[in-house]
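# test case, fold it:
(one chain, ligands or ions: 1)
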Amino acid sequence: MTIQNQSILITGGTSGIGKALALSLKDNNKVIVTGRSIERLEEAQKNGLIPIKADLTSREDLDKLVMTIEQQYPELNVLINNAGIQFNYHMLEETDTLQRIHNEIQINLTGTIQLTQLLLPVLCAKPSQILNVSSGLGAVPKTDGIVYSASKAGLRNFTRGLRKILKDQPVTVIEVIPPVTDTHMTSSREEDKMPVEELIAIIIKQWSKGKQLIAPRKIKLLLGINRWWPGLADRIIK
Ligand SMILES: NC(=O)c1ccc[n+]([C@@H]2O[C@H](COP(=O)([O-])OP(=O)(O)OC[C@H]3O[C@@H](n4cnc5c(N)ncnc54)[C@H](OP(=O)(O)O)[C@@H]3O)[C@@H](O)[C@H]2O)c1
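Sure, this is the predicted structure:
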């Protein structure tokens, strides 16, 4: 199956993984992207994408976004929940973290779930797909990002639950798990990062094949290790 003639909404489609995915899909599909930064949204428009400003932490923005979809793009049939943020801090070394804790949960989990809830009527009205971008850290937490890890664990569980409740609906639920990828989010991290173009090629290939778990081999290996030897997984992800 080629990904074509779809009407796709990508949250956080103005940067990193979401932007690269949007650009790779735009020639054969209608692609709407959301984010907060006006400059990035203007750039998206120049690149042939349909930009809508929406902060996932704002109830007003969520309502406006959903109203725009209902009125102007009711054919929407793919929701890619990609927007996310990550802060790196150790909770024993930093204590002034309450705002960061709030934001990470609000954007990565609450806002994402709320947007999904609001768009379910549009999506359930026709054959549709929901792709949730989680993280390997949602399976194996890392010590300087346990709130991010918890938010992604929540998103993974939500994805599984969504699949259960939508089993009699024409909606397929897919989880995408990127490895550490070279984007704005990881710009301060000194480690091996997958180039974003390489990740997009993997996503498109596995998505086209109808996979419900989209992830490169090393993430699938991590999930396997975590399943059988969780202690070893904790030693790999510190
Ligand atoms: N990069 C990695 O190594 C990696 C690994 C595993 C999973 N992931 C996941 O992949 C997804 C994309 O990450 P990325 O690396 O591409 O990050 P990125 O380059 O920082 O892009 C994040 C996107 O989310 C948007 N965003 C942030 N806060 C938002 C808010 N409050 N409301 C609406 N949009 C918001 C940003 O736009 P504005 O700032 O303009 O709002 C931007 O478009 C995230 O869910 C991340 O957790 C990334």
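# name the helices or strands packed onto the lengthiest helix in the chain?
Secondary structure assigned by DSSP state H gives helix 146-165 as the longest helix of the chain. Applying 3 or more C-beta pairs under 8 Å, 6 or more residues apart in numbering; DSSP states H and E, one finds that helix 146-165 makes contact with helix 98-105, helix 112-124, strand 128-133, strand 171-176. Every residue, glycine included, has its C-beta placed from N, CA and C.
# buried stuff in it?
146-156, 158-159, 162-163 (16 or more other C-beta atoms under 10 Å).
# and for stretch 189-202?
So stretch 189-202, judged by 16+ other C-beta under 10 Å, has buried residues 193-194, 196, 199-200, 202.
# likewise for stretch 75-86?
By 16+ other C-beta under 10 Å, the buried positions in stretch 75-86 come out as 76-84, 86.
# and stretch 62-75, by the same measure?
Going by neighbour count (16+ other C-beta under 10 Å), the buried part of stretch 62-75 is 62, 65-66, 69, 73.
# what do you get for stretch 224-238?
225-226, 233, 237.
# and the gap between the residue nearest the centre of the chain and residue 206?
Nearest to the mean C-alpha position of the chain, by C-alpha atoms, centre = their mean, lies residue 82 at 2.3 Å. Using C-beta to C-beta, to the nearest Å, residue 82 is found at 16 Å from residue 206.
# and for residue 35?
As judged by C-beta to C-beta, residue 35 and residue 206 stand 25 Å apart.
# more neighbours: the two, which one.
Regarding residue 35 and residue 206, a neighbour count based on other C-beta atoms under 10 Å identifies residue 35 as having more, with 24 against 17.
# which other residues reach the one helix or strand residue 69 maps to?
Counting by DSSP states H and E, the element that carries residue 69 is helix 59-72. With contacts defined as C-beta atoms under 8 Å, 6 or more residues apart in numbering, helix 59-72 is touched by 9, 32, 34, 52-56, 76, 111, 114-115, 118-119, 122.
# what about the ligand: which of these touch it?
34, 55-56 (C-beta under 6 Å from any ligand atom).
# okay, those residues in JSON lines with neighbour count next?
What follows is these, written out as JSON lines (neighbours: other C-beta atoms under 10 Å):
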{"residue": "34", "neighbour count": "26"}
{"residue": "55", "neighbour count": "17"}
{"residue": "56", "neighbour count": "25"}
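# looking at these, which is nearest the ligand?
Checking these against the ligand with C-beta to the nearest ligand atom, the nearest one is residue 56 at 3.6 Å.
# need the pLDDT of the residue lying closest to the closest one once chain neighbours are set aside.
Nearest residue to residue 56 in three dimensions, chain neighbours excluded: residue 111, at 3.1 Å (C-beta to C-beta, 6 or more residues apart in numbering). With respect to pLDDT, residue 111 scores 98.
# which bits of this protein sit near the ligand?
Going by C-beta under 6 Å from any ligand atom, the residues of the chain near the ligand are 11-12, 14-18, 34-37, 40, 55-57, 82-86, 107, 133, 135, 178, 180-181, 183-186.
# filter those residues to the buried ones?
Here, 16+ other C-beta under 10 Å leaves 11-12, 14-18, 34-36, 40, 55-56, 82-84, 86, 107, 133, 135, 178, 180-181, 183, 185-186 buried among the residues of the chain next to the ligand.
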